[in-house]
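[1] Mind folding the following:
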Amino acid sequence: MTAPRHPPLLVLVHGGAALVAVVSLGVTLDTGLVERQAAVAFGVLVAVGELARWTGAQVREAAPLGGAGALAYALLGEHAGRNSEHGVAQVVGVVLAGMLAGSVPHTACGRGPSADQLARRVLTVGFAAVCFQPLYNQGVFDTWSGPAYALLLVALLALTALCDAVLAAALARSRTGWPFAPLLREELRAMPGIGTAVVATGVVMALAVAVVGLWALPVFSLPLLLTQLSLRRYAAVRTTYRQTIASLARATEIAGYTPVGHARRVAALSLAVGRDLGLSGPELTVLEHAALMHDIGQLSLVDPVPDGATAGLPPDEQRRIALLGGAVVRRTGVDAAVAVVVERQADPYREQPLAARIVRAVNAYEEKAHGAGPSGPLKALEALEELRLGTAGDYAPDVVEALARVLARDCLTLPLTG
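    Reported below is the predicted structural model:
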């Protein structure tokens, strides 16, 4: 077997982060810690933040306290009224040591930070330190004071957060092949949430330590820890909500109306197509829920459709089942936008919202291609060609081509030619 190929950007980012980390640790070990007490305090803060790492749902910032502490140390100019003398290398070295120390329990359980997360933290903290420490040590900011100095720190951290968003989107683009612009848009939309709290806490910590010393660190850590706890509870509620929808979707499988796993497969493939077409986070959520529940209207049928395959039914029967499904979804209290997608999945594609176009095309593909056994790849190609032949009226051409790209990229069918 050949070794897996890594995209050049991943190699460049990981290699660059590793080089920065090795050089920083080497310089710090060679020169020794400057202002040892502050270095240890910030290292411990970063380690505690990593220990409190969010190990549940996927979030943009899994260790907000560690991130805030790292950024505060990168922008620390004074310590209890005295000028700090640590440099860029010590900032990166201390933050990396704290991250690795705090990640040990999570790594032992198989839930440690990924290589992408480590690389992003090293590079973004290094970026913030490079933007601030050399200029501060040269006295460039001596004339800045009061609100102007605070705004300077906010501007530097905002620029750092923007660079981190670009880096995260680029890494995701390299790993998944999804379009860069929607990924960057999602990263930027996530910044006003926990990202704003991290930036604000980092600025406040740096300013407070400059005045009152290291005692400010535990005081200003508590609000961010409480915010993280609230977000965990909110994520748990969202997870329960999705599990409820998935359970409702399985009702058609339990009743024998659709094959086992059909709704889950349609939802997963619909999400991939939606990402390829550039749908945003909220739009992807609606798409996923609608895909999970797209067949729920079949529960109103007296006689089940063979194998639950509605794509081969007459258009009027497809619309009737779709309308019945939308009525069921509305009674469950699910978002009305989900009901609209379910109701309109059988309409002519030119009259459908994009999510309904995706669900219709993916459902038809899954019905035609699933259960093919050894002839799976050939059957998948045949199903895709049938959808292409139906783009004159049944399926949106852009959705079918996005489906083809997803299938080829994820090796779910044979590579496309021509």
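[2] Packing partners of the longest helix along the chain?
    Looking across the chain with DSSP state H, the single longest helix is helix 216-249. Applying 3 or more C-beta pairs under 8 Å, 6 or more residues apart in numbering; DSSP states H and E, one finds that helix 216-249 contacts helix 36-51, helix 64-74, helix 196-212, helix 262-276, helix 281-292. The C-beta positions use only the backbone N, C-alpha and C, and glycine is treated the same way.
[3] Return the distance of the longest one from the chain's centre.
    When C-alpha coordinates are averaged (C-alpha atoms, centre = their mean, to the nearest Å), helix 196-212 and its chain have centres 26 Å apart.
[4] Check what contacts that helix and list those residues.
    Around helix 196-212, the neighbours that count as contacts under C-beta atoms under 8 Å, 6 or more residues apart in numbering are 38, 61, 64-65, 67-73, 75-81, 149-150, 153-154, 157-158, 161, 216-217, 219-221, 223-224, 227.
[5] Now do it and helix 36-51, the angle between them.
    160 degrees (axes from the mean of the first three to the mean of the last three C-alpha atoms, to 10 degrees).
[6] now helix 196-212 against helix 216-249, angle please.
    170 degrees.
[7] For helix 196-212, buried residues please.
    197-210 (16 or more other C-beta atoms under 10 Å).
[8] ok, back up a step: which residues are contacting the next helix or strand after the longest helix of the chain?
    As assigned by DSSP states H and E, the chain's next helix or strand after helix 216-249 is helix 251-254. By C-beta under 8 Å, 6+ apart, the surrounding residues in contact with helix 251-254 are 258-263, 295-296, 298-299, 308.
[9] about what we covered before: pick the most buried one from the helices and strands packed on helix 216-249.
    Of the helices and strands packed on helix 216-249, the one with the most neighbours on average (mean count of other C-beta atoms under 10 Å) is helix 64-74, at a mean of 29.
[10] tell me the mean pLDDT over the helix or strand just after it?
    Moving toward the C-terminus from helix 64-74, the next helix or strand (DSSP H and E) is strand 78-79. Mean per-residue pLDDT for strand 78-79: 82.
[11] State the next helix or strand along the chain beyond strand 78-79.
    Next helix or strand after strand 78-79 toward the C-terminus (DSSP H and E): strand 82-83.
[12] What's the first helix or strand after the helix or strand of the chain with the lowest mean pLDDT?
    Every helix and strand of the chain was ranked by mean pLDDT, DSSP states H and E. The lowest is helix 376-389, at a mean of 79. The helix or strand immediately downstream of helix 376-389 is helix 397-409, counting by DSSP H and E.
[13] Now find how far off-centre that following helix is within its chain.
    In terms of C-alpha atoms, centre = their mean, the centre of helix 397-409 is set 22 Å apart from its chain centre.
[14] can I have that helix written out in PDB, keeping just the CAs?
    Coordinates of each C-alpha in helix 397-409 appear next as PDB, following Å, rounded to 0.1, in the frame of the first residue of the first chain:
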ATOM      1  CA  PRO A 397     -27.600  20.500 -12.900                       C
ATOM      2  CA  ASP A 398     -25.400  22.400 -10.400                       C
ATOM      3  CA  VAL A 399     -26.500  20.000  -7.600                       C
ATOM      4  CA  VAL A 400     -25.800  16.900  -9.700                       C
ATOM      5  CA  GLU A 401     -22.400  18.100 -10.600                       C
ATOM      6  CA  ALA A 402     -21.600  19.000  -7.000                       C
ATOM      7  CA  LEU A 403     -22.800  15.500  -6.100                       C
ATOM      8  CA  ALA A 404     -20.400  14.100  -8.700                       C
ATOM      9  CA  ARG A 405     -17.500  16.100  -7.300                       C
ATOM     10  CA  VAL A 406     -18.200  14.900  -3.700                       C
ATOM     11  CA  LEU A 407     -18.500  11.300  -4.800                       C
ATOM     12  CA  ALA A 408     -15.200  11.500  -6.700                       C
ATOM     13  CA  ARG A 409     -13.400  13.400  -4.000                       C
END
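[15] helices or strands up against it?
    helix 262-276, helix 354-369, helix 376-389.
[16] now for these, which one comes closest to residue 15?
    helix 262-276 (27.2 Å; C-beta to C-beta).
[17] Can you list the neighbours in contact with the closest one?
    In contact with helix 262-276 (C-beta under 8 Å, 6+ apart) are residues 176, 178-179, 182, 246, 249-250, 252-253, 283-284, 287-288, 291-295, 308, 355, 358-359, 361-363, 365-367, 370, 399, 402-403, 405-406, 410.
[18] One more pass at 6 Å, please.
    For helix 262-276, the surrounding residues in contact (C-beta atoms under 6 Å, 6 or more residues apart in numbering) are 178, 249, 284, 287-288, 291-292, 358-359, 362-363, 366, 402-403, 405-406.
[19] Give me the angle between that helix and helix 397-409.
    Using the same axes, to 10 degrees, helix 262-276 lies at 100 degrees relative to helix 397-409.
[20] Could you check how far the helix or strand hosting residue 340 is from the centre of its chain?
    Taking DSSP H and E as the criterion, residue 340 maps to helix 336-344. Relative to the centre of its chain, helix 336-344 is centred 25 Å away, using C-alpha atoms, centre = their mean.
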